[in-house]
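**Student:** A structural model of the following input is requested.
(chains A and B)
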There are 2 protein chains.
Amino acid sequence: MSKIRVGILGYGNLGRGVELALGNMSDMELVGIFTRRKGVITKSGEALNVDKLADYIGKIDVMILCGGSATDLPKQGVEILKNFNTVDSFDTHARIPEHFSNMDKVGKESGRLGAISIGWDPGLFSIARVLFNSVLPNGKDYTFWGKGVSQGHSDAIRRIDGVVDARQYTIPVESAVEKVRSGLNPELTTREKHTRECFVVAKEGADLKRIESEIVNMPNYFADYDTTVHFISKEELDRDHSGIPHGGMVIRSGNTYSDMDHVLELKLTLDSNPEFTSSVLVAYARAVYRLNKEGKSGCVTVLDVPLAKLSPLSEDELRAKMV
Amino acid sequence: MSKIRVGILGYGNLGRGVELALGNMSDMELVGIFTRRKGVITKSGEALNVDKLADYIGKIDVMILCGGSATDLPKQGVEILKNFNTVDSFDTHARIPEHFSNMDKVGKESGRLGAISIGWDPGLFSIARVLFNSVLPNGKDYTFWGKGVSQGHSDAIRRIDGVVDARQYTIPVESAVEKVRSGLNPELTTREKHTRECFVVAKEGADLKRIESEIVNMPNYFADYDTTVHFISKEELDRDHSGIPHGGMVIRSGNTYSDMDHVLELKLTLDSNPEFTSSVLVAYARAVYRLNKEGKSGCVTVLDVPLAKLSPLSEDELRAKMV
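**Tutor:** Coordinates of the predicted model:
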């Protein structure tokens, strides 16, 4: 059986993760890593420049797009999908319909298939939301994130005058989670669901009171939450807060006709957000290859991909061992 | 938009559950309930006899098969699939490949589609197993059941001489669950994973010591577990143990390339096993109708059904709200 030939576009945390994840897959091989930057060294030598992409048409079955959602993916996706099947982790929820419709149009024209918004949220959490809502129509959804590092919130703190570096953790309020798990269907405010904890390295002599106040009162990011700020040294930050853990829970609580309560929960506890996301991208690359081979083109999300397509096992093996 | 026309075959706990679940679905209508028994009264009058099934060909889009796995479903499935799309809850794991292959052959010939082994295990748990294994290839699977009533184990106790009635609960060992959740990847024996608790009504004057000993030493059912036996009155059994709760957890714990640990968990807590299973069957009936309309015939399991097909929402709505 010939292997699925995979390319990687972009070589940040996610691209490096995909490179390493592919190393464990006996049914896939990495053909090339492409970047816009010069002199980028990968595990297998210097990365290829994006201007070499045209040389690989027909030689790569799926390109995994490892750029950012804000600017890279919406532009790259439609370009690359003209010549390659794609998988991306586009995670700007509000713009998913737009990205889908752009990708679907290009894919239908080129005969290629693009899987968008692959990862854990959107991704595995989307699967849980739709599955849980469909099998338990009368109920209420709860999503908790964390404990985990929010890159956006960490960046927001770093932009404050006098801040050298920062790391922000989003933490679910355990008592709220327990209320939901026990089927009480509580109404929860933003403040009641999550707290935020910040570890901040300040410039020498900076006004710590002012920095703390700017953080906890920052609209959208922190004002609606109970936020704790700890000032620590750069050494402490690097030693104790260099990981990128994340995760969370999707919980649906509701009842069937005779007032019987049911609670359905998906919980993810991830030591490394980018490593796990990379691993999900690789599984969906396998599915995209198979679906496109069966004639499917355009765009799909996790909701359109039958789960059997994700596994290296055959459908016979899956039915015998996993159903 | 015309409604999906649904039939029910079999009117036990599951059939009654499907009847009630359909009442909440605005996109589906119940056309008829069929049984082999005479004089069965449903919510909407007397059930139809199975010999009337032929009159409904072309008038029912999906037939939900609510018989038992041991004898009903393997025989009924292939018969009914000649003339109707079907959904069943076939749950004898070891025989799923055989049931699939029989159903697939008939469905391919008749142009109908049968979804088999729909429910929560097999069903939602199968989805979790395949999804978790695919996105986290290097890891270990754990399944815990309960706290819940095992019908098979309750029946086994009832067959003991001197026993009037019994109810058996399967209970996960909390310390084992916590070890798994914390990512320790423990090796667990059968005894370390679950305990069994039995509530038994004995005949007046029966030898309770002998009954207890027969239970806890029963091979396959109890001998490999720590089992507790409580003798109670028939009134207590009916008052405190008439529910049929169940549920459990599928947990996969493993790591990605740089030894980062991840723990993925699906947890279900169900007040009523048959009511929840009915609700799952109804969602998959919607999917079967849609897939067959798109031209799919033969047999599918939960692994072959894209999740978007389960929801009453349109694909556009799902992408806008749920991805």
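
**Student:** how about the strands in the stretch 151-300 of chain A?
**Tutor:** For the stretch 151-300 of chain A, the strands defined by DSSP state E, counting those that start in this stretch cover A:163-172, A:194-202, A:226-231, A:246-256, A:260-270, A:298-300.

**Student:** Ok, which of those strands comes nearest B:Asp88?
**Tutor:** Ranking the strands of the stretch 151-300 of chain A by their distance to B:Asp88 (criterion: C-beta to C-beta) puts strand A:246-256 first, at 19.3 Å. To be clear about C-beta, it is placed using only N, CA and C from the backbone, and glycine gets the same treatment.

**Student:** could I get the closest one in CSV with only the CA atoms?
**Tutor:** Extracted in CSV, the C-alpha atoms of strand A:246-256 (Å, rounded to 0.1, in the frame of the first residue of the first chain):
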residue,chain,number,x,y,z
HIS,A,246,-5.0,23.6,27.8
GLY,A,247,-8.3,21.6,27.6
GLY,A,248,-11.7,21.9,29.0
MET,A,249,-15.2,20.3,29.0
VAL,A,250,-18.3,20.3,26.9
ILE,A,251,-21.2,19.3,29.1
ARG,A,252,-24.8,18.9,28.0
SER,A,253,-27.4,18.3,30.7
GLY,A,254,-31.0,17.6,29.9
ASN,A,255,-33.8,15.2,30.1
THR,A,256,-35.9,12.8,28.1
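
**Student:** Can you pull the residues of the stretch 51-200 of chain A lying near chain B?
**Tutor:** Contacts of the stretch 51-200 of chain A with chain B, taken as C-beta under 8 Å from any C-beta of the partner chain, map to A:93, A:96-97, A:100, A:117, A:122, A:124, A:126-127, A:129-131, A:133-138, A:181, A:183.

**Student:** about what we covered before: nearest approach to B:Trp145 belongs to which of the strands of the stretch 151-300 of chain A?
**Tutor:** Closest approach to B:Trp145 among the strands of the stretch 151-300 of chain A (C-beta to C-beta): strand A:260-270, 15.4 Å.

**Student:** picking that back up, can I get the strands of the stretch 151-300 of chain A in CSV with mean pLDDT?
**Tutor:** Converted to CSV, these look like this (pLDDT from 0 to 100):
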stretch, mean pLDDT
strand A:163-172, 97
strand A:194-202, 98
strand A:226-231, 98
strand A:246-256, 96
strand A:260-270, 97
strand A:298-300, 98
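
**Student:** Dump the ones you listed to TSV, plus mean neighbour count.
**Tutor:** Listed next are the strands of the stretch 151-300 of chain A as TSV, based on neighbours: other C-beta atoms under 10 Å in any protein chain shown:
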stretch	mean neighbour count
strand A:163-172	20
strand A:194-202	21
strand A:226-231	16
strand A:246-256	23
strand A:260-270	23
strand A:298-300	24
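
**Student:** Make a markdown table out of those strands and add distance to B:Val163.
**Tutor:** Below are the strands of the stretch 151-300 of chain A laid out as a markdown table (distance: least, C-beta to C-beta, whole Å):
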| stretch | distance to B:Val163 |
| --- | --- |
| strand A:163-172 | 46 |
| strand A:194-202 | 52 |
| strand A:226-231 | 56 |
| strand A:246-256 | 31 |
| strand A:260-270 | 28 |
| strand A:298-300 | 55 |
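
**Student:** Lowest average confidence across helices and strands of chain A, where is it?
**Tutor:** None of the helices or strands of chain A scores lower by mean pLDDT, DSSP states H and E than strand A:45-46, at a mean of 90.

**Student:** Helices along the stretch 1-150 of chain A, start to end?
**Tutor:** For the stretch 1-150 of chain A, the helices defined by DSSP state H, counting those that start in this stretch cover A:13-22, A:72-80, A:96-110, A:124-135.

**Student:** Now those in TSV, please, with extra columns for distance to B:Ser242, mean pLDDT and mean neighbour count.
**Tutor:** Listed next are the helices of the stretch 1-150 of chain A as TSV, based on distance: least, C-beta to C-beta, whole Å; pLDDT from 0 to 100; neighbours: other C-beta atoms under 10 Å in any protein chain shown:
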stretch	distance to B:Ser242	mean pLDDT	mean neighbour count
helix A:13-22	50	94	23
helix A:72-80	54	95	20
helix A:96-110	46	98	18
helix A:124-135	24	98	25
